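Enquirer: coords please:
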Amino acid sequence: MKPKNSSKNKAVVPEPSPLELESKLPLYQYGAITGLASAFLVMLFILSLHYFTTTDSLDVRNQLFIEPWICVICLYVGTVYFKKKHPNKNFHFWQGILMGSIAALFTALGSALFVYLFCAYNPDALQRHINELVYQNETYIKTNFIAQFGADAYTKMLAEYKATTPEIKANDEFMKKFFPVFVLSIFVSMATRRRFVIEKS
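Expert: Below is the predicted model:
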């Protein structure tokens, strides 16, 4: 009597594809590392503005033409490195969006934490920022603002500026970083999705 073949009764469990095994967890890691690197470079840029210039290091206008490029370069390098570690794999658009959203989150969190500590332990930087806001409003905005909204609204706005705290600046920094970096990651994903696809022979 032949022994029963037990393999017929075993359920066949489908094995994950190589893309699932090799891209999901590393993608999160690369996104986090990319975001932390971006946040670190942003910190250096803010410190450089504060210590080597007389400009307001926390003013978005002074950061506008540098910080986005820092984030774009970090996203680009992170994408290239991911593709280098995963050859012969298609870099899908959803992967770029996922990686970019994680990078944006870590960039925003890192930058916000730094700004909070920077303002809390270096009140001169925060006071310089408040003084610059008041000066810009009194010089360029006051007349039109009062004509449109009234003197009371202008006085209230100035009072809010003068009451800026490290917590408020940290919250502003998070919002200022997360959404722009996420939008930038979409363009980086569109630009790199095709370029880094390696055709199989």
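Enquirer: Wait, F40 touches G110, no?
Expert: Yes. The pair F40 / G110 is scored as a contact, 7.0 Å apart, by C-beta atoms under 8 Å. C-beta coordinates here come from the backbone N, C-alpha and C atoms, glycine included.
Enquirer: More neighbours: which of the two?
Expert: Counted by other C-beta atoms under 10 Å, F40 and G110 do not tie: G110 has more neighbours, with 21 against 16.
Enquirer: list the contacts for that one?
Expert: Taking C-beta atoms under 8 Å, 6 or more residues apart in numbering as the contact definition, G110 lies against G35, L36, S38, A39, F40, V42, M43.
Enquirer: 10 Å instead, please
Expert: Taking C-beta atoms under 10 Å, 6 or more residues apart in numbering, we find G110 in contact with G35, L36, A37, S38, A39, F40, V42, M43, E173, F174, K177.
Enquirer: what's the answer for Y116, then?
Expert: Applying C-beta under 10 Å, 6+ apart, we find Y116 in contact with T165, P166, E167, I168, K169, A170, N171, E173, F174.
Enquirer: If we use 6 Å, what do you get?
Expert: With contact taken as C-beta atoms under 6 Å, 6 or more residues apart in numbering, Y116 is in contact with P166, A170.
Enquirer: Look up which helix or strand it falls in, please.
Expert: helix 93-121 (DSSP states H and E).
Enquirer: Next secondary structure element downstream of that helix?
Expert: helix 123-136.
Enquirer: Show me what the helix or strand that that following helix is followed by is packed up against.
Expert: Elements were assigned by DSSP H and E; along the chain past helix 123-136, the next helix or strand is helix 142-149. Of the remaining helices and strands, none touches helix 142-149 by 3 or more C-beta pairs under 6 Å, 6 or more residues apart in numbering; DSSP states H and E.
Enquirer: Repeat the analysis, applying 8 Å as the threshold.
Expert: Secondary-structure packing of helix 142-149 (3 or more C-beta pairs under 8 Å, 6 or more residues apart in numbering; DSSP states H and E): helix 151-162.
Enquirer: Show me the contact partners of the helix it packs on.
Expert: Contacts with helix 151-162, where a contact means C-beta under 8 Å, 6+ apart, come from I130, L133, V134, N137, E138, K142, F145, I146.
Enquirer: Roughly how far does the nearest residue to the fifth one once chain neighbours are set aside sit from Y135?
Expert: Same thing as E138. Leaving aside its sequence neighbours, E138 sits nearest to L158 (C-beta to C-beta, 6 or more residues apart in numbering; 8.0 Å). Separation of L158 from Y135 (C-beta to C-beta, to the nearest Å): 11 Å.
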